[in-house]
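A.B. asks: turn this into a model:
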Amino acid sequence: MTKYAFALILLVTLLAGCAQPDMAQESERSGDQDAASAYQEQESGVQLTGVGIVTRILEDDSDGARHQRFILALSSGQTLLIAHNIDVAPRLASLRTGDSVEFSGVYEWNDEGGVVHWTHHDPDGVHQPGWLKHGGKVYQ
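C.D. replies: Residues are numbered from 1 along each chain as shown. A predicted model of the protein is given here:
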């Protein structure tokens, strides 16, 4: 990633944070710290909440349950793959590179920054529900 692209991501993240209530800004800071810690410790199964900027939109994963997939960059520079089950929850409408997305889900370690899944309700009511927020709408 070029220094200009990183600077743009950081600027968009900061501007998005200014438009959100203080509680959302706290989630971003603790989310970055929690994500960094989980990545450093190679942890998996960690409930993680935060916010990031969409840097890349990937094709849906249609092997088994269908997942909408995209990459978020946190303000720390760490990236996360979001794998959102669209057989259980609605697809994020009109998602674009540069958009801000808040998330809550389960973090799984990998050497590329990690994956967040379970970003939806649990139809069986056993698992802690997750969610995504984009464009003023909650997807769960």
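A.B. asks: from now on I want contacts and neighbour counts done on CA atoms only, so please keep to that.
C.D. replies: OK.
A.B. asks: okay, which residue is most central for this structure?
C.D. replies: residue 103 (4.7 Å; CA atoms, centre = their mean).
A.B. asks: ok, now how distant is that one from residue 64?
C.D. replies: Distance, residue 103 to residue 64, by CA to CA, to the nearest Å: 23 Å.
A.B. asks: next: residue 77.
C.D. replies: Remark: distance between residue 77 and residue 64 (CA to CA) = 31 Å.
A.B. asks: how close does the residue of the chain most remote from its centre sit to residue 88?
C.D. replies: What lies farthest from the middle of the chain is residue 124; by CA atoms, centre = their mean that is 23.1 Å. When distance is defined by CA to CA, residue 124 is 11 Å away from residue 88.
A.B. asks: so where do the helices sit in this protein?
C.D. replies: For the chain, applying DSSP state H gives helices covering 3-18, 22-40.
A.B. asks: mean pLDDT for those helices: which is lowest?
C.D. replies: Sorting the helices of the chain by mean pLDDT places helix 3-18 lowest, at a mean of 42.
A.B. asks: how about residue 61, nearest residue that isn't a chain neighbour?
C.D. replies: Using CA to CA, 6 or more residues apart in numbering and skipping residues adjacent in sequence, the residue nearest residue 61 is residue 67, 5.1 Å away.
A.B. asks: sorry, wrong one. I was asking about residue 85.
C.D. replies: Nearest residue to residue 85, sequence neighbours excluded (CA to CA, 6+ apart): residue 67, at 4.3 Å.
A.B. asks: ok, now residue 42?
C.D. replies: Nearest non-adjacent residue to residue 42, counting by CA to CA, 6+ apart: residue 109, 5.5 Å away.
A.B. asks: I'd assumed residue 43 was in contact with the one you found.
C.D. replies: Yes: proximity of residue 109 to residue 43 meets the contact threshold set by CA atoms under 8 Å, at 5.8 Å.
A.B. asks: compare the two (neighbour count), which wins?
C.D. replies: Taking neighbours as other CA atoms under 10 Å, residue 109 and residue 43 compare with residue 109 leading, 20 against 15.
A.B. asks: which residues in this protein form strands?
C.D. replies: Ranges of strands within the chain are 46-57, 67-73, 79-85, 100-108, 115-117, 131-134, 137-139, based on DSSP state E.
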